[in-house]
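Asks: With the input below, show me the fold.
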Amino acid sequence: MDQLMVPPSAHLICKESPIEERANASANLRSASLRDDQKVLVTDEGPDLFHYQTSNGHTGVVDLHSFDSLTEFLDHLGSEVWVDITGLGHNTWAPLVRTSIQIGHPVTVIYAQPSEYARTGEFYDLSERVEGIRPLPGFVHLGLAEEPAVFLPLLGFEGSRFEYMVDRSDVDLQDTHPIVGAPGFFLEYVGEVYAENRLLFEQNAGLHRRVAYAKANCPFDLYWLLGEFQEMAGGGVLKIAMIGTKPHALGAVIYATMHPESVELLYDHPIKSKGRTTGASKFCVYDVRAHLASINL
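Replies: Below is the predicted model:
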C-alpha cells in the first residue's frame with residue numbers, strides 16, 4: 001500500500017512516536033492523501049486524559065473517563081473518524097473506539113505492523129516494566145470481578161506478562177484458554193509465542209491443549225472467536241488479558257463494548273522500551289462500521 005485513502009470528509013486521530021519507527025512511517029503514509037485540516041495530532045497521553053492539536057492551532061484536552069468529553073470531541077470532528085492506533089496507547093484509543101461505537105459514529109482503525117521486534121539475547125525486549133493491572137478508562141465493571149470466568153490471555157512475546165497476569169488475577173488455570181495469533185505477522189512468530197510463554201505451559205499440564213487461534217493482525221477474527229467462547233461458557237463472564245498484538249486488543253475492545261455485562265478486560269499497562277520495534281512491514285485498515293453491520297445481518 002503506497003497511499004492510504006482517507007475519505008475527504010473524515011478526520012484522522014494519530015500520534016507520532018519517538019520510540020517506534022513504524023508510527024512515523026504510518027504518518028508519512030498518511031500525509032500523501034490527507035489535507036492538513038483532516039489531521040488531529042495527539043500531543044500528550046496520560047492515564048486519565050489526552051491533549052490534542054489540530055492543524056489550525058486549536059488545542060484541547062479530552063477526559064478519558066467522561067462520556068460527555070469523548071462524545072463532544074468526536075462530534076466536533078464531524079461525520080467520520082479514523083484512528084491510527086500504531087503510536088497511541090491503549091488508554092487513549094480504546095475509549096475512542098468504544099465511544100464511537102456507542103454513539104453510532106463511523107470509525108475506521110489503521111495499524112502499522114513492525115518489520116522486526118527488538119531482542120536482547122534470546123528474549124524480546126519490548127517493555128521496561130508494567131505499572132500494574134487496572135481497567136482501561138470506561139471499561140470498569142465492578143460486578144464482574146467476583147464471578148467465575150473463562151480466562152482468555154491474548155498471548156504475545158512477553159511470557160513474563162502472562163505470568164504476571166496469572167499471579168495477580170483471580171483466574172483458574174483449568175479454565176484458561178490462551179489465544180495465539182496464527183498466522184502471525186511473520187511465519188516464525190507462532191513458534192516464538194510458544195517459546196516465550198513456555199514456563200506456564202510447562203508448569204500446567206494440559207494448558208497447551210486448550211490453546212485457540214485467531215489471525216494475529218485481524219481484530220474481527222478474534223471477535224468471532226470470543227463469541228464462540230462466550231457460547232461455550234453459557235453466556236458467562238470472559239476475562240480477556242490484552243498482552244498480545246494490538247489488532248487482538250482492538251478485537252477485544254470491540255467485543256467488550258458490544259457485550260459490556262459479560263466481559264472484563266485485563267491490562268497491565270506496560271512501559272514500552274525505546275527501540276522496541278524497527279521498520280514497518282504492512283499497513284492494516286479495519287472498517288469497524290462494516291464489521292458491526294455484519295453482526296446485525
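
Asks: show me the contacts for residue 80.
Replies: By Cβ atoms under 8 Å, 6 or more residues apart in numbering, residue 80 lies in contact with 7, 9, 10, 11, 105, 106, 107, 108. Backbone N, C-alpha and C define where each C-beta goes, glycine included.

Asks: beta partners of it?
Replies: Under DSSP bridges, the beta-bridge partners of residue 80 are residue 10.

Asks: circling back to that earlier point, let's see if you can find the most crowded of the contacts of residue 80.
Replies: Compared across the contacts of residue 80, residue 107 has the highest neighbour count, 25 neighbours, by other Cβ atoms under 10 Å.

Asks: In this structure that one contacts residue 100, no?
Replies: Yes - Residue 107 lies in contact with residue 100 (Cβ atoms under 8 Å); the separation is 3.8 Å.

Asks: With distance to residue 237 and pLDDT as extra columns, can I get the contacts of residue 80 in TSV?
Replies: Compiled in TSV, the contacts of residue 80 are given as follows (distance: Cβ to Cβ, whole Å; pLDDT from 0 to 100):
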residue	distance to residue 237	pLDDT
7	38	84
9	40	84
10	36	89
11	36	91
105	28	93
106	30	93
107	26	95
108	30	95
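
Asks: ok, of those residues, which one's closest to residue 289?
Replies: Nearest to residue 289 out of the contacts of residue 80 is residue 106 (Cβ to Cβ; 4.6 Å).

Asks: My guess is the closest one contacts residue 81. True?
Replies: Yes - between residue 106 and residue 81 there is a contact under Cβ under 8 Å: 7.1 Å.

Asks: Need the residues touching each of these two.
Replies: Joint contacts of residue 106 and residue 81 (Cβ under 8 Å, 6+ apart) are residue 100.

Asks: Can you identify each of the helices in this structure by residue range?
Replies: Counting by DSSP state H, the chain has helices at residues 21-31, 67-77, 90-102, 159-168, 189-196, 198-203, 219-232, 246-258, 288-295.

Asks: Which stretch among these is buried most, on average?
Replies: Mean neighbours per residue, mean count of other Cβ atoms under 10 Å, is largest over those for helix 246-258, with a mean of 25.

Asks: Distance from the chain centre to it, please.
Replies: In this view, helix 246-258 has its centroid 7 Å away from the chain centroid, taken as Cα atoms, centre = their mean, to the nearest Å.

Asks: what's next to that helix, contact-wise?
Replies: Applying Cβ under 8 Å, 6+ apart, the external contacts of helix 246-258 come out as 85-86, 90, 93-94, 97-98, 101-102, 109, 111, 136, 139, 154, 179, 181, 214, 216-223, 226-227, 240, 242, 263-265, 284, 286, 288, 291-292, 295.

Asks: Show me the shaky parts of this protein.
Replies: 1-4, 24-33, 119-125, 142-147, 296-297 (pLDDT under 70).

Asks: So which residue is smack in the middle of it?
Replies: For the chain, the residue nearest the mean C-alpha position is residue 249 (3.0 Å; Cα atoms, centre = their mean).
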